[in-house]
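Enquirer: I'd like to go over a predicted model; first the sequence, then the structure.
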Amino acid sequence: MGDRLAGKTALVTGAAQGIGAAIISLFKSEGATVWGVDRTPGATDYTLDLANIEDIPGFVASLPSTPDILVNCAGIVLTRPFFEVEAAGFERTFRINVTASFLLMQEISKFLVKSGRQGSIINMASNSGLMPKLEQLDYGASKAAVISMSRSAALSLGPHGIRVNAIAPGVIDTPMTQGIAKMRSELRGVPPEETLRPVVEGLPLRRMGTADEVAQLALFLASDDSSFVTGQTYLVDGGQWMH
Ligand SMILES: NC(=O)c1ccc[n+]([C@@H]2O[C@H](COP(=O)([O-])OP(=O)(O)OC[C@H]3O[C@@H](n4cnc5c(N)ncnc54)[C@H](O)[C@@H]3O)[C@@H](O)[C@H]2O)c1
């Protein structure tokens, strides 16, 4: 428990599980009021399918107040070979991972600028946006777009005191990673743990990361501890990117 986010409000997407859920519990433990958004009802404050991008402006306008912190954490990954990447999946990946995040940034910043308030926006990218991973063409491209978009937004919003940074995790132990292992296991006809083992053994730290280890970086970027940091992409990947 601490007070690094005391008095702040945060909106976190992808709230129902994995990294988003870890960010929410850490932010709350540091004194923030946090609103979670997910398409999965139950473990979240607001149920919204971010693929329905036309609903985003109305959703932001309906919030009790404008959050000081936005964490765009919701994301999807489709794992399939190059020749099976189809336009519909490609577009859906970009719609959720990129367009929805952009619209949330734009809508929330509009309100912050209008009221002269500062803010911190954190976009969940991936080290897949910096290095190619087999069978994840559209996912990697969408995360490269998230990194680029974060830098562009940082340029435009910096004069208004709104900081924008990206986090690029590597292999983190969440339902998404287990889902990727399952998809690869079906493609290769080996058990899911056998698809993860060689990846983890190749990491300098020799283990997967935890959702809380990513949340700790999000806390730094959300809090005033990073008050002079904007337009950056932080890797939290156990050293995988060095390979
Ligand atoms: N797990 C990893 O190894 C890893 C690595 C790099 C980057 N990331 C990124 O971190 C973020 C979170 O990953 P995670 O591992 O916690 O994933 P996860 O799949 O475990 O959780 C993602 C959450 O986002 C929600 N979501 C997905 N699509 C949505 C939509 N259309 N509308 C609303 N909510 C939606 C899901 O319901 C789920 O609760 C993602 O952006 C992911 O790309 C994860």
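Expert: Looks like it came in fine. Quantities reported herein were computed from a predicted structural model and do not represent experimental measurements.
Enquirer: Could you export the top strand by length along the chain as PDB, CA atoms only?
Expert: Identified as the longest strand of the chain according to DSSP state E is strand 162-169. What follows is strand 162-169, C-alpha atoms only, in PDB (Å, rounded to 0.1, in the frame of the first residue of the first chain):
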ATOM      1  CA  ILE A 162      -0.200  15.100 -21.100                       C
ATOM      2  CA  ARG A 163       2.500  12.500 -21.300                       C
ATOM      3  CA  VAL A 164       2.200   9.400 -23.500                       C
ATOM      4  CA  ASN A 165       4.400   6.300 -23.200                       C
ATOM      5  CA  ALA A 166       4.300   2.700 -24.400                       C
ATOM      6  CA  ILE A 167       5.200  -0.500 -22.500                       C
ATOM      7  CA  ALA A 168       6.600  -3.400 -24.500                       C
ATOM      8  CA  PRO A 169       6.300  -6.700 -22.600                       C
END
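Enquirer: which other helices and strands contact the helix of greatest length in the chain?
Expert: Longest among the helix segments of the chain by residue count, using DSSP state H, is helix 137-157. Applying 3 or more CB pairs under 8 Å, 6 or more residues apart in numbering; DSSP states H and E, we find helix 137-157 packed against helix 87-94, helix 100-114, strand 119-124, strand 162-169, strand 233-236. Using the backbone N, CA and C atoms, a C-beta is placed for each residue, glycine as well.
Enquirer: now the angle between strand 162-169 and it, please.
Expert: 160 degrees (axes from the mean of the first three to the mean of the last three CA atoms, to 10 degrees).
Enquirer: The ligand contacts on the protein?
Expert: 14, 16-20, 38-40, 49-51, 73-77, 96, 124, 126, 169, 171-172, 174-177 (CB under 6 Å from any ligand atom).
Enquirer: coming back round to it: the longest strand of the chain: how far from the chain's middle?
Expert: 9 Å (CA atoms, centre = their mean, to the nearest Å).
Enquirer: May I have the strands that pair with that strand, each with its orientation?
Expert: Next to strand 162-169 in the sheet, as set by DSSP bridges, lie strand 119-124 (parallel), strand 233-236 (parallel).
Enquirer: In terms of pLDDT, where does the residue nearest to Phe90 when sequence neighbours are not counted sit?
Expert: Nearest residue to Phe90, sequence neighbours excluded (CB to CB, 6 or more residues apart in numbering): Asp138, at 4.4 Å. Confidence at Asp138, expressed as pLDDT, is 98.
Enquirer: Next, count neighbours for Asp138.
Expert: 21 (other CB atoms under 10 Å).
Enquirer: and it, what does it touch?
Expert: 78, 85, 89-90, 93-94 (CB atoms under 8 Å, 6 or more residues apart in numbering).
Enquirer: If we use 6 Å, what do you get?
Expert: Counting by CB atoms under 6 Å, 6 or more residues apart in numbering, Asp138 makes contact with 85, 90, 93.
Enquirer: do Ala181 as well
Expert: Counting by CB under 6 Å, 6+ apart, Ala181 touches 192, 195-196.
Enquirer: Please consider this matter closed, and thank you.
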